[in-house]
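*Asks:* With the input below, show me the fold.
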Amino acid sequence: MSRSFFLAGAAAPCLLLAFPTAAQVRGTDTTDDRTDATIVVTGQRDPLKLDDQAQASSRLGLSIRETPASVEVLTQDDLQVRGLRTARETFNDVVGAIAGNVPGNPAVVSLRGFAGNTVSILQDGVRVSASTVVQRDSNNWHYDRVEVLKGPASVLYGEGALAGVINKVTRKPVLGERHLDTLLSVGSFDTVFAAGGVNLPVSPTIAVRADASYQRSDSLYDVDNNDTFSAGLTASALWKPSDRLSLLVAVDHFEDRYDATYQGLPLIPGQYALRPSDAVTSANGLVADRALQRRNYNPQGAYSGADETTVRSRLDWSIGSGWTFALDLTGYTAKRAFLLADSQTFVAPTAAFPNGSFRQTYQDFRHDHQFWNARGVIGNDSRIAGLRNRFSLGVEHNDTDFVSLRQTAPTSALPAVDVRNPAVLPLPTGTAIFTAGNVTFDSKLKQTSVFAEDALNLTPKWLLVGGVRWDHMELDRATIQNVTGAVDRNSPTFDPVSWRAGTTWDVTSGLTLYAQYTTAVSPVSSILLASIANSRFRLTKGRAFEAGFKASAWGGRASVTGAAYRIEQKDILTRDPANPALAVQGGRQSSQGVELSAVVSPVKALRLSGGVSYTDAQYDELSELVSGIRIDRSGNRPINVPSTTVNASALYTIADKVTLGGFLRHASAFYTDTANTIRVAGHSVLDASLSFPVAPQATLTLRGRNLTDDFYGEYSGYPTTNVYIGAPRSFEVALATRF
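*Replies:* Next up, the predicted model:
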């Protein structure tokens with residue numbers, strides 16, 4: 001299927017939508033997974049759903065309005081209306097966040113001034129490991145909703161949740177319903193997506209659901225030799241013999257593969273660029289050459305891929321007299337591989353390479369990952385001295401067995417490649433080439449946690465919320481030198497305590513003010529992938545202050561939330577002033593900012609939504625070793641942190657049938673290095689859609705992405721001189737059905 005077919009067939013209707021108008025699927029309760037095929041705008045009360053519950057924010061059953069923190073929820077309806085196909089696209093649409101597809105960490109997130117393993121990714125409330133280890137750019141079809149709890153959340157989920165938590169909640173069976181949903185789309189870059197889900201009642205007390213998805217593309221970034229594949233299969237069964245007891249059993253399987261892994265666009269000296277752009281500027285004259293946008297320098301056969309399966313169960317029992325009990329059991333296994341050219345070093349033109357060349361390192365990384373988790377929580381909702389009090393107490397234990405082969409070859413292992421016309425090189429063979437590194441990390445992590453939460457209504461309008469968590473973590477870590485057989489071992493233990501205290505106050509009907517103080521802990525790097533030296537460091541500590549409001553107004557046709565926050569992290573790695581060659585803990589990083597989100601439906605046919613964030617982030621104390629010299633980085637902005645982000649959409653329905661949609665996403669400039677010498681310019685991306693029914697149970701959507709064909713940096717890569725360039729203008733046609 002050729003690109004020209006889609007450009008010709010989809011351009012005409014999509015280009016008519018170049019200004020922000022827009023659309024939405026009929027609103028549904030986030031507690032079920034029904035998605036109507038017909039896309040219309042309807043009026044609804046509390047469009048931000050402030051009175052709904054978010055699983056990620058508390059185990060007390062608090063509504064979003066009662067939670068003293070910023071909570072954002074994207075339902076399956078939102079994902080489909082906005083055309084968000086994958087985890088990366090979804091995270092990019094969160095207010096205050098940007099995301100990128102770094103091969104070893106697809107859909108890595110930057111949120112509130114922090115990135116990487118400081119943002120925890122959950123699936124159905126369970127954290128398997130640091131997001132830098134487990135997160136993949138999975139298909140969104142399988143999720144009923146994506147919940148984002150912003151700010152430190154170690155009190156709920158343990159280490160690593162300094163900047164926030166993203167919880168992907170899978171679709172689940174609904175009793176008494178029989179329906180089939182499908183979605184099929186085709187688009188630019190020979191991209192095809194197909195998905196379907198079926199919900200079947202087996203009896204009045206049993207229902208089952210199964211969902212499958214498949215996506216393939218020549219490249220989601222329109223890059224050479226970058227075939228992309230992702231698939232998912234999720235299935236679950238719900239048994240609910242009474243209103244007081246339910247049991248859910250589920251299995252989730254996801255696969256993905258990115259051939260000749262895209263490492264981002266390498267920057268080159270400006271004097272050698274054919275089409276130099278202002279997308280990236282640097283102190284030493286490196287630029288992003290638009291003529292190289294589609295080039296891929298990885299060897300033939302290089303790839304990034306994962307194969308992961310989760311089996312889980314959830315028992316909910318309402319014991320009586322306000323008492324409840326919940327038991328979660330989870331088992332997870334995954335295999336991942338990253339075979340890629342890790343970086344490209346530019347070499348000036350020579351007789352052999354008149355266009356200039358790149359010398360590359362080569363990496364072969366493998367993960368063999370097993371994990372199981374058991375969590376029991378007992379809760380009570382009753383009155384103390386006439387005051388409503390909600391309380392929960394839980395115990396959690398998990399075991400992780402993680403083996404990672406990590407082999408690195410120097411630049412001499414791969415032939416140089418031409419900058420303009422890179423020859424497709426074969427993968428290196430044999431292990432003798434891995435002279436820069438050839439080790440196996442063998443990590444076993446056992447963690448036992450005890451946690452408690454409480455929410456006390458001092459008055460019907462004034463709520464106090466508190467929580468505390470203690471984690472006991474035992475790490476058994478071995479680094480094995482595969483050539484010599486030498487083994488270096490370390491077995492540290494960590495016993496962090498995290499807590500939070502907050503309050504909400506219903507000032508008037510529809511307006512709630514809140515404030516909270518929270519603490520969090522995070523390792524200096526991922527615990528499972530930390531070097532022996534790093535695993536000997538203590539956990540970093542973080543704390544945050546946040547205050548804000550949540551409001552519904554205009555007869556329920558408008559909802560607005562706002563927050564101001566400050567997050568501080570200390571004990572990050574820095575250089576010893578007395579001995580710059582020595583890495584020590586003592587660095588500090590912080591961010592402070594404001595966020596505002598709003599949804600307004602001034603008339604039944606029109607829905608306007610948007611969010612804006614401003615983040616002032618910096619390294620308060622940080623020094624690095626450069627060519628043997630200690631350099632102070634204090635006051636610099638952290639990597640991949642824009643100061644401003646804006647998301648906006650407008651959805652307008654004509655005659656309850658045809659819906660026009662426009663979507664704007666903006667991020668300001670950010671840096672790829674701690675020295676702040678490589679600056680990625682800000683960008684604004686405009687998408688648009690046109691949806692209309694083609695049958696009683698089917699809706700056709702025409703969608704255009706990046707309609708202005710903006711050439712922009714999306715995220716920085718592994719080396720600071722590689723930048724991921726956003727996908728160029730593209731189009732697609734999608735058919736959604738429901739029977």
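*Asks:* Just list the residues touching residue 295, thanks.
*Replies:* By Cβ atoms under 8 Å, 6 or more residues apart in numbering, residue 295 lies in contact with 223, 224, 265, 419, 420, 422. Backbone N, C-alpha and C define where each C-beta goes, glycine included.
*Asks:* out of those residues, who's nearest residue 616?
*Replies:* Nearest to residue 616, judged by Cβ to Cβ, of these is residue 265 at 28.6 Å.
*Asks:* any idea how far the closest one lies from residue 393?
*Replies:* Computed as Cβ to Cβ, to the nearest Å, the residue 265 to residue 393 distance reads 51 Å.
*Asks:* which one of the two has more residues nearby?
*Replies:* Neighbours were counted for residue 265 and for residue 393 using other Cβ atoms under 10 Å; residue 265 has more, 29 against 15.
*Asks:* residue contacts, that one?
*Replies:* By Cβ under 8 Å, 6+ apart, the neighbours of residue 265 are 288, 289, 292, 293, 295, 722, 723, 724, 725.
*Asks:* Bridged to the closest residue to it other than its chain neighbours, which residues?
*Replies:* Spatial nearest neighbour of residue 265, excluding adjacent residues (Cβ to Cβ, 6 or more residues apart in numbering): residue 725 at 5.0 Å. On the basis of DSSP bridges, residue 725 is bridged to residue 713.
*Asks:* just to revisit the earlier point, compare the contacts of residue 295 and tell me which is most surrounded.
*Replies:* residue 265 (29 neighbours).
*Asks:* so how far is residue 645 from that one?
*Replies:* The gap separating residue 265 from residue 645 is 22 Å, by Cβ to Cβ.
*Asks:* Over to residue 229?
*Replies:* Using Cβ to Cβ, residue 229 is found at 30 Å from residue 645.
*Asks:* Look up the pLDDT of the nearest residue to residue 722 once chain neighbours are set aside for me, please.
*Replies:* Among residues not flanking residue 722 along the chain, residue 264 sits closest, at 3.8 Å (Cβ to Cβ, 6+ apart). Note for residue 264: predicted pLDDT of 89.
*Asks:* do the same with residue 259
*Replies:* As predicted, residue 259 sits at a pLDDT of 88.
*Asks:* what's the closest non-adjacent residue to it?
*Replies:* Nearest non-adjacent residue to residue 259, counting by Cβ to Cβ, 6+ apart: residue 227, 4.3 Å away.
*Asks:* before we move on, the earlier item: mind putting the contacts of residue 295 into TSV with secondary structure and distance to residue 559?
*Replies:* What follows is these, written out as TSV (DSSP: H, G, I helix; E, B strand; the rest coil; distance: Cβ to Cβ, whole Å):
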residue	secondary structure	distance to residue 559
223	coil	40
224	coil	45
265	strand	40
419	coil	51
420	coil	52
422	coil	51
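*Asks:* ok, so of those residues, who is nearest residue 540?
*Replies:* Nearest to residue 540 among the contacts of residue 295, with distances taken as Cβ to Cβ, is residue 265, at 32.2 Å.
*Asks:* model confidence over the helix or strand hosting residue 344, on average?
*Replies:* Using DSSP states H and E, residue 344 maps to strand 323-347. Mean per-residue pLDDT for strand 323-347: 93.
*Asks:* Give me the next element, helix or strand, following that strand.
*Replies:* strand 357-384.
*Asks:* Packing partners of that following strand?
*Replies:* helix 131-134, strand 323-347, strand 387-409, strand 417-418 (3 or more Cβ pairs under 8 Å, 6 or more residues apart in numbering; DSSP states H and E).
*Asks:* Now do the next helix or strand after the last one: which elements does it pack against?
*Replies:* Sequence-wise, the next helix or strand beyond strand 417-418 is strand 437-459, with elements assigned using DSSP H and E. The elements that strand 437-459 packs onto, with contact taken as 3+ Cβ pairs under 8 Å, 6+ apart, are helix 154-157, strand 387-409, strand 462-481.
*Asks:* Swap in 6 Å and give it another go.
*Replies:* strand 387-409, strand 462-481 (3 or more Cβ pairs under 6 Å, 6 or more residues apart in numbering; DSSP states H and E).
*Asks:* Of all the helices and strands packed on strand 357-384, which one comes closest to residue 609?
*Replies:* helix 131-134 (26.5 Å).
*Asks:* Run through who's touching that closest one.
*Replies:* 105, 116, 117, 119, 121, 128, 526, 528 (Cβ atoms under 6 Å, 6 or more residues apart in numbering).
*Asks:* Also stretch 679-697?
*Replies:* Contacts for stretch 679-697 (Cβ under 6 Å, 6+ apart): 13, 17, 23, 37-39, 278-281, 657-659, 661-666, 668-671, 699-708, 710, 712-713, 723, 737-739.
*Asks:* same deal with stretch 393-403?
*Replies:* Here stretch 393-403 makes contact (Cβ under 6 Å, 6+ apart) with 368-378, 442-452, 528.
*Asks:* cool, stretch 115-129 as well?
*Replies:* Contacts of stretch 115-129 (Cβ under 6 Å, 6+ apart): 55, 109, 111, 130-132, 134-135, 157, 160-170, 330, 332, 371, 373, 522, 526, 528, 640.
*Asks:* wait, isn't residue 548 in contact with residue 560?
*Replies:* No - the pair residue 548 and residue 560 does not pass the contact test of Cβ atoms under 6 Å, sitting 10.4 Å apart.
*Asks:* Looking at the two, which has the bigger crowd around it?
*Replies:* Using other Cβ under 10 Å, the more surrounded residue of residue 548 and residue 560 is residue 548, with 20 against 17.
*Asks:* any idea how far that one lies from residue 289?
*Replies:* 44 Å.
*Asks:* and what of residue 310?
*Replies:* 42 Å.
*Asks:* if you count what's nearby, which of these two comes out ahead?
*Replies:* residue 289 (24 against 21).
*Asks:* Contacts only, for residue 596.
*Replies:* By Cβ under 6 Å, 6+ apart, the neighbours of residue 596 are 562, 612.
*Asks:* Is it within a helix or a strand, and which one?
*Replies:* Going by DSSP H and E, residue 596 is in strand 583-603.
*Asks:* and the residue lying farthest from the centre of the chain, backbone torsions?
*Replies:* Here the chain reaches farthest from its C-alpha mean at residue 351, the gap being 45.4 Å by Cα atoms, centre = their mean. The phi/psi pair for residue 351 (degrees, to the nearest 10) reads phi -60, psi -40.
*Asks:* Per-residue pLDDT of it, please?
*Replies:* 93.
*Asks:* Over to the one 4 residues further on?
*Replies:* The predicted local distance difference test score for residue 355 is 92.
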